[in-house]
Structure formats: C-alpha cells, structure tokens
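Q: Please work out how this folds:
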Amino acid sequence: MKLSYILHLADDALVLGHRMSEWCGHGPVLEQDIAMTNTALDLLGRARTLYQYAADLYNQMPVEQRAKMFSSVSLQKLDAAGEKAEEDTMPYLRDSWDFKNVLIAEQPNGDWAQSVARSLFVDCFYYYYFDQLQHCTDATIAAVAEKSLKEVTYHLKWSSEWVIRLGDGTDESHEKMQTAINELWSYTGEMFEEADYETSLRDELKLPELAAIKAKWQKHIEEVLEDATMKLPTATWMQKGGKNGMHSEHLGYVLAELQFMQRVYPSMQW
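A: Residues are numbered from 1 along each chain as shown. This is a model prediction of the structure:
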C-alpha cells in the first residue's frame, strides 16, 4: 500500500511537470516562459525523489508480491532477470493503467488561461496538503513534503496572481479565464477522494485529512475568484478514477512521449 501511495504522489508530479514543460519556448512572454519551466523542474525534482523511494520499496518486496503489483511486461522481464528497479524504472516501464495521478494533471494545456486555472487548483491543494504531510511519520515522505511546501508556496502565488490578472483584465481575458475555471472544475473533486491505499495508511503514516484540506482549499479558491471578479462553478458532479489507474486518453499520449526511448531502446544509457 505504501508503494501505491508513493507512486500516486510521484505520478502527480511527473505528469503535471511534463504538461508544464510543454510551455517551454511557447510562453506568452519570456519571463512567464521561464516561470513555467522552473515550476516543471520543481515537479520533476519531486518526482525523482519519490520514484527512487518507490524503487527501493519495490526491491524490498518478495518476488511473488512484486509480480502482482504491475502488469507491465517490461517490469516482469526485469524481475525475471533478477535486476533491481531504479529511479527510472517506475516512470518508464509501467503502463498507463499502473499510473495513479489525478486526472486533472494529464489534461491538455489548452490556452494560457486553461493552464493557469489547472495550476491554481493543483497548487492550492498541494499547498495545504504538504503543510500537513510534513508531519508524516515516514521520514522520507515528510522530507519531500517539507521541501515541496517551499516550492508550491511560490507556485500558488504565481497561479493566483495570473488568475486575478486575467479574470480582472479585459472582457476577452475574463471570458477565457471563466471558461477555463468552468471546464476544469469537474476534475477538482478527485483530489479530495481517498483511494484505498490512502485510507489504509492514514493513521499509520499520519496522512493529511482530505476533508479538512478541502474546506481550506475551497475558501482560498473562492477568495482568488472573488478578486478576479469571477464566479465559482456550481456543478457538483466530479470526474474520478485516476488514483486507481482509470485514465483519459490524454495520458497515453503523454507516456508515448515520455517512454519512447526506453521502449525503442530498452535499458539504454547515456
């Protein structure tokens, strides 16, 4: 269960980081191009640490237990050969149904407003999540949370300011920002739905209480949207499934890019 939880955190960071990296060279102005790229690097750094921890946990499992974790043929061959999993094993050799990122992370960038809206929703969630997770009883997870909290504090400031700037800007920017908020709203609920591996580990690892985080998240989002002269969506139906491996078709395209070299040239090294 701990491995699944670690992979959830790592997959969130990797997939969202990949999406943000797609803005490199395409930002509206140079300063924001660099800002998005730096945020992507923060997320990639978080993912790397978590994937290495996941690989260590995977290597400590009995062979029989490892065989039940993933359906990836590449991982099965790795185990059959007696080779150890490494940091790159988890992101490059698992199939899409083994990924546990939330669905909002894999959605296409769309226009600038869409990417900014996604950042606001996710940044706000992880700001409050890591604030609690730094008290986790697992020292490695707590250390990742403490470092990530410093980074996501800046991320949230950046995305909040952009939502306000666009929402309280021209008629066109306001319309695009409101449309982006409305379209992504149905993906926000999944962040507050506990997967089985979170429920089973909550007391043992002292994981954050998602209900308490949701209240803080909702209040913060409402305040930002009020400053942006925008309306909070009222829809209650929410998308879900990503935490348990049920993804949209968009993740397949992300992984096709990420995993291409390893799939074509297995075990390739620079």
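
Q: Which parts of this protein are helices?
A: Assigned helices in the chain, in chain order: 2-21, 30-60, 63-69, 73-80, 89-93, 103-106, 112-133, 139-167, 171-184, 196-205, 210-227, 249-258, 260-264 (criterion: DSSP state H).

Q: just those: most buried one?
A: Mean neighbour counts were taken over the helices of the chain using mean count of other C-beta atoms under 10 Å, and the top value, a mean of 26, falls to helix 103-106. Backbone N, C-alpha and C define where each C-beta goes, glycine included.

Q: Report the separation between Leu207 and Ala195.
A: 11 Å (C-beta to C-beta, to the nearest Å).

Q: and the two? which has more neighbours close in?
A: Leu207 (23 against 19; other C-beta atoms under 10 Å).

Q: For Lys240, which of the helices of the chain is the nearest?
A: helix 103-106 (7.4 Å; C-beta to C-beta).

Q: what packs against that closest one?
A: helix 2-21, helix 112-133, helix 249-258 (3 or more C-beta pairs under 8 Å, 6 or more residues apart in numbering; DSSP states H and E).

Q: Please list all residues in contact with Glu86.
A: The neighbours of Glu86, taking C-beta atoms under 8 Å, 6 or more residues apart in numbering as the test, are 52, 55.

Q: Got the phi and psi for it?
A: Here is the backbone geometry of Glu86 (degrees, to the nearest 10): phi -130, psi -180.

Q: circling back: for Met238, which of the helices of the chain is the nearest?
A: helix 103-106 (9.7 Å).

Q: and that closest one, what's its mean pLDDT?
A: When pLDDT is averaged over helix 103-106, the result is 97.

Q: now stretch 187-199
A: Mean predicted lDDT for stretch 187-199 stands at 96.

Q: same deal with stretch 172-184?
A: In the prediction, stretch 172-184 has an average pLDDT of 97.

Q: what's in contact with it?
A: 104, 107, 110-111, 113-114, 116-118, 121, 163, 165-168, 225, 228-231, 233, 235.

Q: Please repeat the previous calculation with a cut-off of 10 Å.
A: By C-beta atoms under 10 Å, 6 or more residues apart in numbering, the surrounding residues in contact with stretch 172-184 are 104, 107, 110-118, 120-122, 162-170, 188, 221, 224-225, 228-235, 239.

Q: Do me a favour and get the end-to-end distance for stretch 49-69?
A: 20 Å (C-alpha to C-alpha, to the nearest Å).

Q: His220 against Ser159, yeah?
A: No: under the criterion of C-beta atoms under 10 Å, His220 makes no contact with Ser159, lying 11.1 Å away.
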